[in-house]
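In: sequence plus the predicted model coming up.
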Amino acid sequence: MGDNTMRITKKIRDEVLSKIAGEDASKIIDFIKDKKETSEFIIAEKTKIEIHRTRMILYKLFEANVAAFVRRKDKIKGWYICYWDFLSKNIKHTYVKLKKEKLEKLQSRLEQEQNHQFFMCKNACARMNFEKAVDFEFKCPECGELMNQQDNSRTIEFLSDSIASLKKDIANS
């Protein structure tokens, strides 16, 4: 997996958090990153994110293994409260995992592009493979225009370049 020299910048961290749990995830992590066991209610209050949304984000971060919590019963109110921590050491692993998932999707798409013919009308309303185009008798379901075979060599080239770039990123991670 490379020489382990990749530095996780705030930009990369925020990109990972956003992919895992949306834009507000960075706001939550910025608040708890230097604290220990922060109450979900304090997090919601200080970040001004509604409590149910805060919990949803925190649980997504937990599922991705970049946040952890302990549950304790409130002695006065009698309900359970979760206290959260940020697991910064796991961001790099999650970053690489997301890159690998993206690589798999691109490779699958490249395979589709290389192994199928695609058809499109002159208005670019719809794009479909040969089998689907046959079903529509090569007439666009949107505008009724005749569908012609599309030259997808630029798409294949773009996907190939993207795959090569991602493989390089993963190797350097």
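Out: Sure thing, it's come through.
In: most distant residue from the middle of the chain?
Out: Farthest-out residue of the chain from its mean C-alpha position, per C-alpha atoms, centre = their mean: Ile76, at 40.2 Å.
In: and that one, helix, strand or coil?
Out: Three-state assignment for Ile76 (DSSP: H, G, I helix; E, B strand; the rest coil): coil.
In: need phi/psi at it.
Out: phi -80, psi -50 (degrees, to the nearest 10).
In: with Arg71 instead?
Out: Residue torsions, per degrees, to the nearest 10, at Arg71 are phi -110, psi 130.
In: and Asn65, by the same measure?
Out: Torsion angles, degrees, to the nearest 10, at Asn65: phi 70, psi 30.
In: pretty sure it is touching Thr94, no?
Out: Yes: taking contacts as C-beta atoms under 8 Å, Asn65 lies within contact range of Thr94: 7.0 Å. All C-beta atoms are positioned from the backbone trio N, CA, C, and that covers glycine.
In: which one's more surrounded, those two?
Out: Thr94 (20 against 15; other C-beta atoms under 10 Å).
In: so how far is the one helix or strand that one maps to from its chain's centroid?
Out: Using DSSP states H and E, the element containing Thr94 is helix 91-115. Here the centre of mass of C-alpha atoms in helix 91-115, compared against the chain's by C-alpha atoms, centre = their mean, to the nearest Å, lies 11 Å away.
In: which ones are touching the residue nearest to Asp169 when sequence neighbours are not counted?
Out: Sequence neighbours aside, Lys99 is the residue nearest to Asp169 in space, at 5.8 Å (criterion: C-beta to C-beta, 6 or more residues apart in numbering). If you count contacts by C-beta atoms under 8 Å, 6 or more residues apart in numbering, Lys99 has them with 166, 169-170, 173.
In: tell me the centre residue of the chain?
Out: For the chain, by C-alpha atoms, centre = their mean, the most central residue is Lys19; offset 3.6 Å.
In: surely that residue meets Tyr95?
Out: No: the criterion here is C-beta under 8 Å, and Lys19 misses it with Tyr95 at 9.2 Å.
In: what's the span of stretch 108-128 from first residue to last?
Out: Using C-alpha to C-alpha, to the nearest Å, one end of stretch 108-128 lies 16 Å from the other.
In: what mean pLDDT does that stretch get?
Out: Mean pLDDT, stretch 108-128: 95.
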